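K.L.:
Quick one: sequence plus predicted model below, questions after.
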Amino acid sequence: MKRRAWIGVVALTAVLCSIAILGYQRWRAQNETARSDALALMPPEAGAVLFADFDELRRAPFFAQLFAWAPKPQADADYAEFLKNTGFDYERDLDRLAIAVLRRSNDSSLFAVADGKFDREKIIAYARKIGSAATNGSREIFSVSLSGSSRKISFTFLSKKRIALTDDAGLAVFLAAKKANADTTEWRARFERLAGSPVFAVIRQGAGTGTELAAQAPGGLRSPELSTLLDQLQWITLAGKPENDRLRVVAEGECAAEATARQLADLLNGVVILAQAGLNDAKTRQQLDPTTREAYLELLKSADVARLDRGDTKSVRLILEITPKFLEAARTASPAIPPNTTPNTPQPQKSAPQKKGHT
């Protein structure tokens, strides 16, 4: 190839690379802005906020594998009818979703902000057909009944690509509420700390929340001491970040007392060590499929427990790495961790030194 042709190829490649880089930077900036705006709408009185950036997750090899083997839920008749009339398929068209969970005495309600590719005219026409509409200021709010329930879902378009919805009666109240207060600052600090994670949950502690979370653990991993320590946490965050074919999971608990953080770190370290010992037990080796056992050991070996000093709060961070091997094991077998791996009070382990920093 002549020198002039080589120069042309190099120049064209440079131009294409520049366009790709600029396009990615623009997409990322728009994505971060949309994410921040959606989270800013979450009510500060919420007990928990869950967030997922499906647009980013669909690009990750880990989630491509996850979606490939995960069982497909049977679409109910209501959703099938909704899809037929509006053309909106959440698997394809939902880009981001932020959900706030609000606890009220013995009841709870949800407020959500969804970003996606919506056909506004079709959705509005369908909502008017099966529900009702009311005007509140400059917004038109639609209400549709939930199948098999007396509750209703109310929603409104905030823009062409954004919808706000709730199963509470006061959608307009959520949208009109002023959110500039101390609680808002607390939520924002944690949202910013999790800015690099496309999926996360932030839980603001209430009485008994830790006990409820600990109760969800497998029988062999339940511990009254763990429940007590979790109840002393003020905030709990759980975040996932895909890295090629695996998922890095980071769980963090914040409390006011250093002693609580130290005890929790010691307990978690003890649980990990005892679980590894249980999986290496001769009886477990005989009962558990070797591939499954190796997958669980791989998960435990990736565990890292550390204490962080954030000034006003003391935190304990647990990092785990979910691999394709573990996903396959989880799909084909249930965990068989021996019940003696987590005594109520494991021997204290030397916890990691305190660190300063952010997730």
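P.N.:
Arrived safely.
K.L.:
mind listing what the spatially most central residue of the chain touches?
P.N.:
Nearest to the geometric centre of the chain sits Phe200, at 2.7 Å (Cα atoms, centre = their mean). Phe200 is in contact with Leu50, Phe51, Leu194, Thr237, Leu238, Ala239, Gly240, counting by Cβ atoms under 8 Å, 6 or more residues apart in numbering. For the C-beta atoms, the positions are set from N, CA and C on the backbone; glycine is no exception.
K.L.:
Remind me which helix or strand the second one belongs to.
P.N.:
So that's Phe51. When elements are assigned from DSSP states H and E, Phe51 belongs to strand 48-53.
K.L.:
That strand: what's the following helix or strand?
P.N.:
The C-terminal neighbour of strand 48-53 among helices and strands, as given by DSSP H and E, is helix 54-57.
K.L.:
Need the contact partners of that following helix.
P.N.:
Asn31, Phe63, Leu94, Asp95, Arg96, Leu97, Pro198, Val199, Pro242.
K.L.:
The second one reaches Lys241, doesn't it?
P.N.:
No: the pair Phe63 and Lys241 does not pass the contact test of Cβ atoms under 8 Å, sitting 11.2 Å apart.
K.L.:
Where do the strands of the stretch 151-300 of the chain begin and end?
P.N.:
Using DSSP state E, counting those that start in this stretch, the strands of the stretch 151-300 of the chain run over 152-159, 162-166, 199-204, 235-243, 246-255.
K.L.:
Just put these in a markdown table and tack on distance to Tyr90 and mean pLDDT.
P.N.:
Listed next are the strands of the stretch 151-300 of the chain as a markdown table, based on distance: least, Cβ to Cβ, whole Å; pLDDT from 0 to 100:
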| stretch | distance to Tyr90 | mean pLDDT |
| --- | --- | --- |
| strand 152-159 | 14 | 94 |
| strand 162-166 | 12 | 96 |
| strand 199-204 | 15 | 95 |
| strand 235-243 | 19 | 94 |
| strand 246-255 | 21 | 94 |
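K.L.:
In a markdown table: those strands, plus distance to Arg59.
P.N.:
A markdown table is the format used below for those (distance: least, Cβ to Cβ, whole Å):
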| stretch | distance to Arg59 |
| --- | --- |
| strand 152-159 | 23 |
| strand 162-166 | 21 |
| strand 199-204 | 13 |
| strand 235-243 | 9 |
| strand 246-255 | 14 |
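K.L.:
what's the closest of those strands to Arg307?
P.N.:
Among the strands of the stretch 151-300 of the chain, the nearest to Arg307 by Cβ to Cβ is strand 246-255 (10.4 Å).
K.L.:
Do me a favour and average the pLDDT over the helix or strand encompassing Ala34.
P.N.:
When elements are assigned from DSSP H and E, Ala34 belongs to helix 3-40. Across helix 3-40, the average pLDDT comes to 54.
K.L.:
do the same with stretch 141-149
P.N.:
84.
K.L.:
With stretch 87-103 instead?
P.N.:
pLDDT averaged over stretch 87-103 gives 93.
K.L.:
buried sites along it?
P.N.:
Judged by neighbour count (16 or more other Cβ atoms under 10 Å), stretch 87-103 contains these buried residues: Phe88, Asp93, Leu94, Asp95, Arg96, Leu97, Ala98, Ile99, Ala100, Val101, Leu102.
K.L.:
Can I get that stretch in CSV, CA atoms only?
P.N.:
What follows is stretch 87-103 as a C-alpha-only set of coordinates in CSV (Å, rounded to 0.1, in the frame of the first residue of the first chain):
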residue,chain,number,x,y,z
GLY,A,87,-45.7,-1.8,22.9
PHE,A,88,-43.7,-1.2,26.0
ASP,A,89,-41.5,-4.3,27.0
TYR,A,90,-39.7,-3.7,30.2
GLU,A,91,-36.9,-6.2,29.3
ARG,A,92,-36.1,-4.1,26.2
ASP,A,93,-37.4,-0.6,26.9
LEU,A,94,-36.8,0.1,30.6
ASP,A,95,-33.6,2.1,31.0
ARG,A,96,-33.5,3.0,34.7
LEU,A,97,-35.7,2.5,37.7
ALA,A,98,-35.5,4.1,41.2
ILE,A,99,-38.0,2.8,43.8
ALA,A,100,-38.6,4.3,47.3
VAL,A,101,-40.2,2.1,50.0
LEU,A,102,-42.2,4.0,52.6
ARG,A,103,-43.2,2.4,55.8
